[in-house]
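1. what shape does this take:
(one chain, ligands or ions: 2)
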Amino acid sequence: MAERMLQFTKVSRAMPQKRSAKERAADFREIYGEFSPDAAQAQASRCSQCGVPFCQQGCPLQNNIPDWLKLAAEGRLEEAWRVSSATNNMPEICGRICPQDRLCEGICTIEQSGHGTVTIGSVEKYITDTAWAEGWIQPIKPPRERSQSAGIIGAGPGGLAAAEQLRRKGYQVTVYDAYDRGGGLLIYGIPGFKLEKDVVERRIRHLEASGVTFRFNTRVGSDVSLGDLRSAHDTVLIATGVYAAKDLKCPGSGSEGVLPALDYLTASNKVSLGDKVEAYESGALNAEGKRVVVIGGGDTAMDCVRTAIRQGAKSVTCLYRRDRANMPGSQREVQNAEEEGVVFEWLANPEAIIDTKGGKVKAVRASRMKLGEPDASGRQSPVKTGETFDVKADMVIKALGFDPEDLPALFNEPSLTVNRWGAVRVDYATMETSLPGVYAAGDIVRGASLVVWAIKDGRDAAEAMHKAMRAAEQAAKVAAE
Ligand SMILES: Cc1cc2nc3c(=O)[nH]c(=O)nc-3n(C[C@H](O)[C@H](O)[C@H](O)COP(=O)(O)OP(=O)(O)OC[C@H]3O[C@@H](n4cnc5c(N)ncnc54)[C@H](O)[C@@H]3O)c2cc1C
Ligand code: SF4
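-> Numbering: from 1, shown residues only. Ligands and ions are numbered 1, 2, ... in the order given. The predicted model follows:
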């Protein structure tokens, strides 16, 4: 079968078809189509089957990429899906939204040799979308039911991955979430043009059909306490993500029309899901007909600018204090945003929000920056050039990142240890926190990170929770003998 592989010198790299900027700016559907079976096979056959697969090292889940690419190239899709899903609870989601250029594809050997990386993410998505379409993904039937139970706080990717892993082993699993739906940022943060909502909802339905119980609209810390959950379950996982938005510190930042990014994106996602959102209908969280300025250069900022385009904004400008090469967001997303009509003001730092006499935003005053000396992290720090300029605005969206909330206070558990940024401290060998039997995973441990890392943490935590519960079960048996 070797002749089916190493086709990179004959077959050029190709992504699935991307819809035109004009067409995609008119809706919230994903911008890429699906590979045809022939195209998926041809793209997978480009893999050079390296002895040391660097792509696998670049994937936080250590996915066995060369094996499922080979199986896909041979048309053995069900086997490819089995290999792919052995290490990843939601390959079709990672295939859509992992920043592959910084992970698996970024260190693909044929990319290094100038042939263009294997389109690993798109093939991964194709394999699992096919598995769903063919009915290969069926509700989990554990080999035996266990009486022990796990309580999981947070239905984001970290919590969901742990829930699935524990359910596979037969544990009784309850997931508690403050939102009215599962998915965390997959459902209410990331817009449909990157990840359509039914792709996320399908995963929640799958877990429900597999016997996982979801308690939505349940905020741990107010509706129920962490202590209650520790009494009700044999083990508890904290996977609450990070939601304290970093604020804009400049005069006028409290003006009407200056919004936190997540309020804006959540409202838009709810509308896409068919919910009635008053603040959207009133126009407060709707960019239609407005001049929109988004402040920030990460993935959240990219999602805001592209959402504003789809809502029919009059103009959309993104201000970022460093240059394009030094922005934290994905370059692929910047290119998509530019194609859709977003204007980027690189090396621009907001100095003040200028408002009307009535307190409504009317412009953002920005300083022109240049890159100076590298800071402690080695990144060049932006410094002011002395030049300022104004950008007219009716809506300003703050997308400056997120910090952890004060969980020891929210959970009334002062002995839950956090680091100096407020992230929950864990023993990385087990993901256990300072509270015995309580584990943590995802952004609440790492700070704002990536979906694939949350899945990895959720899986690692589930494995440690399983080991601890099995040990407790065995100890109870011995004690009873
Ligand atoms: C706008 C945006 C775009 C992004 N785009 C990408 C991307 O393209 N690719 C990528 O890999 N990553 C992206 N990320 C990052 C990614 O979404 C996160 O890293 C990931 O979702 C973290 O998963 P998690 O399970 O730790 O937390 P979350 O997904 O945040 O889920 C946490 C869940 O916990 C619940 N919760 C919180 N507190 C409580 C409580 N007290 N009681 C009960 N429930 C609670 C929340 O309601 C939520 O459902 C993006 C993030 C944002 C904000
Ligand atoms: S999970 Fe993400 S990093 Fe890993 S192979 Fe898939 S797309 Fe690449």
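2. close to ligand 2, is stretch 109-126?
-> Yes - Stretch 109-126 comes into contact with ligand 2 (C-beta under 6 Å from any ligand atom), by way of 120-121, 124. Quick note: C-beta positions are derived from backbone N, CA and C, even for glycine.
3. just among the residues you listed, which is most surrounded?
-> Glu124 (30 neighbours; other C-beta atoms under 10 Å).
4. so where does that one fall, helix or strand?
-> Element membership for Glu124 (DSSP states H and E) is helix 120-134.
5. Thr317 too?
-> Here Thr317 is assigned to strand 315-319, by DSSP H and E.
6. who are the packing partners of the helix or strand following that strand?
-> Later in the chain than strand 315-319, the nearest helix or strand by DSSP H and E is helix 331-339. Judged by 3 or more C-beta pairs under 8 Å, 6 or more residues apart in numbering; DSSP states H and E, the packing partners of helix 331-339 are helix 299-310, strand 343-345.
7. buried deepest among these, which one?
-> Comparing those by mean neighbour count (mean count of other C-beta atoms under 10 Å), helix 299-310 comes out on top with a mean of 26.
8. and that helix, C-alpha only, in PDB?
-> Extracted as PDB, the C-alpha positions of helix 299-310 are listed here (Å, rounded to 0.1, in the frame of the first residue of the first chain):
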ATOM      1  CA  ASP A 299      -9.200  34.600  18.400                       C
ATOM      2  CA  THR A 300     -12.000  36.300  20.300                       C
ATOM      3  CA  ALA A 301     -11.400  39.600  18.500                       C
ATOM      4  CA  MET A 302     -11.400  37.700  15.200                       C
ATOM      5  CA  ASP A 303     -14.700  36.100  16.000                       C
ATOM      6  CA  CYS A 304     -16.200  39.500  17.000                       C
ATOM      7  CA  VAL A 305     -15.100  41.300  13.800                       C
ATOM      8  CA  ARG A 306     -16.500  38.500  11.600                       C
ATOM      9  CA  THR A 307     -19.700  38.400  13.600                       C
ATOM     10  CA  ALA A 308     -20.200  42.100  13.100                       C
ATOM     11  CA  ILE A 309     -19.700  41.800   9.400                       C
ATOM     12  CA  ARG A 310     -22.500  39.100   9.300                       C
END
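9. average pLDDT across that helix?
-> For helix 299-310, mean pLDDT is 97.
10. run through the neighbouring helices and strands of that helix.
-> Counting contacts by 3+ C-beta pairs under 8 Å, 6+ apart, helix 299-310 packs against helix 261-272, strand 291-295, strand 315-319, helix 331-339, strand 395-398.
11. wait, which of the ones you listed is closest to Lys197?
-> The closest of these to Lys197 is helix 261-272. By C-beta to C-beta, the value is 6.2 Å.
12. could you check the angle strand 291-295 makes with the closest one?
-> Here helix 261-272 points in a direction 130 degrees away from that of strand 291-295 (axes from the mean of the first three to the mean of the last three C-alpha atoms, to 10 degrees).
13. many thanks, have a good one.
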